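>>> what follows is a protein structure lacking sequence information:
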């Protein structure tokens, strides 16, 4: 089929965290391998790790224990792993391109702030509706959609409050969010649809609701790509080099969400078609093209303008518990 090319400009970006924003995948592997070695088991291979990535804890744990066959109960494994992770997660750092990308997207708030400032100084008797076109710069709203539960999220981000301040607290959806039904984590679309809802529920009154096809999902995991596609959103897949090697030759199926991670209970009509233009592979977020997605980033100098100084940043990392 011919790829779609008439996409609207992106109005919202939804981000995974582990392995996409933060360099945590090798930390995860290191921590698990400590326990495997302790019990005389082989190291965690990428063929298994690829199936764990992006999934909520219970689903990932079931896959892992079925493979590892450890001589300890799952509860002890979880306790031992948590203790090791507590010593290593606080050293996690952003992956290449992340700091710039989040800063650039955060700065797109200038377009809304400037329009609001201009409207205060312009008197008109005509009511207008804000629309987004390919030539009109717009505020790109962002949200976090991570399978990490609250405790691990805090461990990984408490030292990176400035980086994560671009995600308003009410737009952070974590893996243990009670609004996500049991068994509906990635690769199901619920977490991304919920993340979009947190944005739409907090949009200014003059902005129309954002549609799924106006959203861009950033993911590193294969289940995460499928979740984004099933949500009806465009996807950027930026995997760990070893994961990319694991799926060499099947990239097109990954981008279409057709690896089958959601199992037999998933709606087959939700996934995409091979080469349909809805998803792309990037080796690094440093290669992200703003122009391709209709994102216009204002120059950094706008940060000193009055309309930007009026904005109060939420720079505190607060565990989402709504």
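Nice, I can see it. Being a predicted model, the structure only gives us computed values, none of them experimental.
>>> residue 31 falls within a helix, correct?
Yes: read with DSSP: H, G, I helix; E, B strand; the rest coil, residue 31 is one of the residues of a helix.
>>> looks to me like residue 235 is in a strand.
Yes: residue state for residue 235 (three-state DSSP) corresponds to a strand.
>>> count of neighbours near it?
Residues near residue 235, counting by other C-beta atoms under 10 Å, number 28. C-beta: built from backbone N, CA, C; applies to glycine.
>>> list the contacts for it?
Residue 235 makes contact with 216, 217, 218, 219, 225, 228, 229, 255, 257, 278, 279, 280, according to C-beta atoms under 8 Å, 6 or more residues apart in numbering.
>>> for the last one, helix, strand, or coil?
Using three-state DSSP, the three-state assignment for residue 280 comes out as strand.
>>> against residue 107, how distant is it?
23 Å (C-beta to C-beta, to the nearest Å).
>>> picking that back up, output the contacts of residue 235 in JSON lines; the columns should cover secondary structure and distance to residue 85.
Below are these laid out as JSON lines (DSSP: H, G, I helix; E, B strand; the rest coil; distance: C-beta to C-beta, whole Å):
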{"residue": "216", "secondary structure": "strand", "distance to residue 85": "30"}
{"residue": "217", "secondary structure": "strand", "distance to residue 85": "26"}
{"residue": "218", "secondary structure": "strand", "distance to residue 85": "23"}
{"residue": "219", "secondary structure": "strand", "distance to residue 85": "22"}
{"residue": "225", "secondary structure": "helix", "distance to residue 85": "25"}
{"residue": "228", "secondary structure": "helix", "distance to residue 85": "26"}
{"residue": "229", "secondary structure": "helix", "distance to residue 85": "30"}
{"residue": "255", "secondary structure": "helix", "distance to residue 85": "31"}
{"residue": "257", "secondary structure": "coil", "distance to residue 85": "30"}
{"residue": "278", "secondary structure": "coil", "distance to residue 85": "35"}
{"residue": "279", "secondary structure": "strand", "distance to residue 85": "31"}
{"residue": "280", "secondary structure": "strand", "distance to residue 85": "32"}
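>>> may I have the distance across stretch 202-220, first residue to last?
One end of stretch 202-220 sits 27 Å from the other (C-alpha to C-alpha, to the nearest Å).
>>> same check on stretch 11-25?
Stretch 11-25 end-to-end distance (C-alpha to C-alpha) = 29 Å.
>>> list the buried residues in that stretch.
By neighbour count with 16 or more other C-beta atoms under 10 Å, stretch 11-25 contains the buried residues 11-25.
>>> what does stretch 75-82 give?
Quick answer for stretch 75-82 (16+ other C-beta under 10 Å): 77, 80, 81.
>>> could you say which helix or strand holds residue 177?
Using DSSP states H and E, residue 177 falls within no helix or strand.
>>> how many residues are close by it?
Count around residue 177 with other C-beta under 10 Å applied: 21.
>>> what stretches of the stretch 201-322 of the chain score poorly on pLDDT?
Applying pLDDT under 70 to the stretch 201-322 of the chain picks out residues 262-268, 310-322.
>>> redo that, cut-off 50
312-322 (pLDDT under 50).
>>> try the stretch 1-150 of the chain
123-134.
>>> need the helices for it, in chain order.
For the stretch 1-150 of the chain, the helices defined by DSSP state H, counting those that start in this stretch occupy 25-38, 46-52, 57-68, 74-88, 98-107, 109-120, 150-157.
>>> likewise for the stretch 151-300 of the chain?
161-164, 190-200, 222-230, 241-246, 251-256.
>>> mind putting those helices into CSV with mean neighbour count and distance to residue 145?
Putting these into CSV (neighbours: other C-beta atoms under 10 Å; distance: least, C-beta to C-beta, whole Å) gives the following:
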stretch, mean neighbour count, distance to residue 145
helix 161-164, 16, 13
helix 190-200, 22, 4
helix 222-230, 29, 8
helix 241-246, 15, 19
helix 251-256, 19, 18
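>>> any chance of these in CSV, with distance to residue 55 too?
Below are the helices of the stretch 151-300 of the chain laid out as CSV (distance: least, C-beta to C-beta, whole Å):
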stretch, distance to residue 55
helix 161-164, 22
helix 190-200, 11
helix 222-230, 6
helix 241-246, 14
helix 251-256, 15
